[in-house]
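Enquirer: return atomic coordinates for the entry below.
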Amino acid sequence: MQLHSLKNMPIWKRNLFVLWFGVFMTGMGLSEVMPFLSLYIEELGNFNKSALTLYSSLIFSVTFLVMALVSPLWGRLADRKGRKLMLLRASFGMAVVFFLMAFVTNVWQLMLLRALQGAFGGFISNANALIAVQSPKNHAGQALSILVTGSTAGTLLGPLLGGILASVFGYRFSFHITGMIMFVVFLLTFFLVKEDVSTFRLEKNKQVTEQPTKTLQTIIQNRFVFFLLLTTLSVQVVNLAINPILSLFVKELLPAGNVTLMAGFVAAMPGISTIIAAPTFGKLGDRFGTTNILFFGFSFACIIFFLTGFVHSIVGLMILRFLTGISDAALIPSIQTMLTKETPQAETSLIFSYNQSFQSIGSVMGPLAGGVLASLFDYNGIFFFSSILMMLNLAGYFLVKKQQT
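Expert: So this is what the prediction gives:
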């Protein structure tokens with residue numbers, strides 16, 4: 001009965017339903033290794049503490065570095081060959097890579113597969129592009145906001161699921177399970193996701209006859225689009241800057257108690273509030289204008305990060321991290337909606353792929369910046385830096401909009 005109802009949905013709603021599950025599992029796959037990656041690497045050789053730390057950092061980061069490099073290539077191909085094809089490529093490629101990770105015998109094999117995981121990426125960006133193009137204009141903001149909750153929920157629950165799977169089944173079988181789930185995503189995408197071929201061909205012909213293919217250089221010339229890409233990078237930087245020292249900061253605020261468990265709760269706060277608030281902000285953006293929601297997101301983030309810099313209790317930290325997720329719920333879907341409005345439909349996948357590239361760069365820069373700032377200015381310095389960065393983004397927004405008018 002549920003499958004019958006799914007088939008009777010409008011195409012854009014059915015695609016949204018299926019792709020929500022797809023981006024959820026992709027987000028989970030990217031984050032689930034966090035609790036046991038270093039422990040898995042430790043089993044692959046005899047390493048001292050410094051070597052283990054180095055290998056862990058490299059193997060974790062290489063996925064995002066490769067993803068940043070190849071995402072525009074996949075995006076350009078999606079605009080030429082179809083977004084569903086890229087969704088199938090990404091889901092099947094990640095299914096194979098995750099499954100093979102269980103068989104590695106040294107760190108170099110694992111590093112290669114983590115790089116291939118990044119190379120086969122692009123599921124989230126192409127899912128966003130497909131939904132952005134197919135959704136009715138009066139539902140675009142809400143649809144993209146719902147999709148954001150999928151990737152956010154997956155990223156949030158990934159470490160929890162990874163820890164449980166590793167504890168119950170061991171590290172290697174955890175990769176098998178993830179690979180099988182991604183293969184289910186591939187099958188659901190293949191049988192249930194539909195792309196309007198006639199519309200796609202019309203977009204493609206229009207692109208060939210009217211516009212040259214965009215490169216990063218030509219995208220930069222559109223200052224507002226480039227600003228939105230930089231905003232994506234900045235949001236990712238401030239969200240991940242605390243990651244390297246979160247457990248240490250929690251330990252400082254909680255001298256006695258289960259630090260690991262409490263750090264998990266603190267880490268989950270932004271994701272929980274984003275899942276709750278994102279659909280509401282999507283509806284508000286469709287009704288009152290995305291610009292107003294973006295302005296609120298910047299302003300709210302500035303205030304919350306500034307206040308977090310003065311936190312001295314674990315309860316205060318949890319509350320403020322929960323509120324941080326509300327600013328994410330306002331900013332991330334608004335950025336994607338504005339990118340959709342500023343981009344010809346024939347190049348939507350390419351722009352969203354560049355957006356993912358900037359997000360991946362932020363995923364690398366955030367933990368690095370957080371570690372440096374914590375060593376120079378203590379843990380609270382990270383939040384003051386984040387507040388300043390959001391304030392600069394707010395000022396940049398007004399400057400770019402003023403130049404457009």
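Enquirer: quick check: nearest residue in space to residue 90, chain neighbours excluded?
Expert: residue 123 (3.9 Å; CB to CB, 6 or more residues apart in numbering). In short, each C-beta sits where N, CA and C put it, glycine included.
Enquirer: quick check: that neighbour vs residue 372, distance?
Expert: Separation of residue 123 from residue 372 (CB to CB, to the nearest Å): 32 Å.
Enquirer: next, count neighbours for residue 366.
Expert: Residue 366 has 24 neighbouring residues, counting by other CB atoms under 10 Å.
Enquirer: which SSE is immediately downstream of whichever strand or helix holds it?
Expert: Here residue 366 sits within helix 348-377, counting by DSSP states H and E. Where DSSP H and E defines the elements, the next helix or strand beyond helix 348-377 is helix 380-404.
Enquirer: and that next one, how far out from the chain's middle?
Expert: Chain-centre distance of helix 380-404: 21 Å, with CA atoms, centre = their mean, to the nearest Å.
Enquirer: helix or strand with the lowest mean pLDDT in this protein?
Expert: For the chain, the helix or strand with the lowest mean confidence is helix 197-210, at a mean of 49 (criterion: mean pLDDT, DSSP states H and E).
Enquirer: that older thread, and residue 123 and residue 372? Which one has more around it.
Expert: Legend: neighbour count by other CB under 10 Å for residue 123 and residue 372, higher for residue 123 (30 against 15).
Enquirer: name all residues that make contact with the nearest residue to residue 240 once chain neighbours are set aside.
Expert: Closest residue to residue 240 apart from its sequence neighbours, by CB to CB, 6+ apart: residue 366 at 3.2 Å. Residue 366 is in contact with 236-241, 243, counting by CB atoms under 8 Å, 6 or more residues apart in numbering.
Enquirer: okay, those in a markdown table with distance to residue 99, neighbour count and pLDDT next?
Expert: Compiled in a markdown table, the contacts of residue 366 are given as follows (distance: CB to CB, whole Å; neighbours: other CB atoms under 10 Å; pLDDT from 0 to 100):
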| residue | distance to residue 99 | neighbour count | pLDDT |
| --- | --- | --- | --- |
| 236 | 28 | 22 | 89 |
| 237 | 32 | 23 | 90 |
| 238 | 34 | 26 | 91 |
| 239 | 29 | 24 | 86 |
| 240 | 27 | 19 | 81 |
| 241 | 33 | 28 | 82 |
| 243 | 27 | 16 | 70 |
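Enquirer: which members of these occur in helices, if any?
Expert: 236-240 (DSSP state H).
Enquirer: secondary structure class for residue 312?
Expert: coil (DSSP: H, G, I helix; E, B strand; the rest coil).
Enquirer: quick one: it from residue 379, how far?
Expert: Computed as CB to CB, the residue 312 to residue 379 distance reads 11 Å.
Enquirer: tell me which of these two has more neighbours.
Expert: Higher neighbour count among residue 312 and residue 379: residue 379, with 19 against 9, using other CB under 10 Å.
Enquirer: which residue comes closest to that one once chain neighbours are left out?
Expert: For residue 379, ignoring the flanking residues on the chain, the nearest one in space by CB to CB, 6+ apart is residue 249 at 4.5 Å.
Enquirer: can you pull the pLDDT of the most centrally placed residue in the chain?
Expert: Geometric centre of the chain, nearest residue: residue 151, 6.2 Å, by CA atoms, centre = their mean. For residue 151, the pLDDT comes out at 83.
Enquirer: tell me the contacts of residue 363?
Expert: By CB under 8 Å, 6+ apart, the residues touching residue 363 are 64, 236, 240.
Enquirer: surely the first one is in contact with residue 356?
Expert: No: under the criterion of CB atoms under 8 Å, residue 64 makes no contact with residue 356, lying 9.9 Å away.
Enquirer: so residue 228, which of the three states?
Expert: The assignment at residue 228 comes out as helix when based on three-state DSSP.
Enquirer: around it, how many other residues sit close by?
Expert: As a burial measure, residue 228 scores 24 neighbours (other CB under 10 Å).
Enquirer: quick check: angle from the longest helix that the chain contains to helix 348-377?
Expert: In the chain, with assignment by DSSP H, the single longest helix is helix 49-81. Angle between the axes of helix 49-81 and helix 348-377 is 160 degrees (criterion: axes from the mean of the first three to the mean of the last three CA atoms, to 10 degrees).
Enquirer: tell me which residues of the helix or strand following helix 49-81 come out buried.
Expert: Remark: after helix 49-81, the chain's next helix or strand is helix 83-101, criterion DSSP H and E. Neighbour counts over helix 83-101 (16 or more other CB atoms under 10 Å) mark 83-84, 86-101 as buried.
Enquirer: what lies in contact with the next helix or strand along the chain from helix 83-101?
Expert: Next in sequence after helix 83-101, counting helices and strands by DSSP H and E, comes helix 107-119. Residues from elsewhere that reach helix 107-119, judged by CB under 8 Å, 6+ apart: 29, 40-41, 44-45, 55, 58-60, 62-67, 70, 93-94, 97-98, 100-101, 104, 360.
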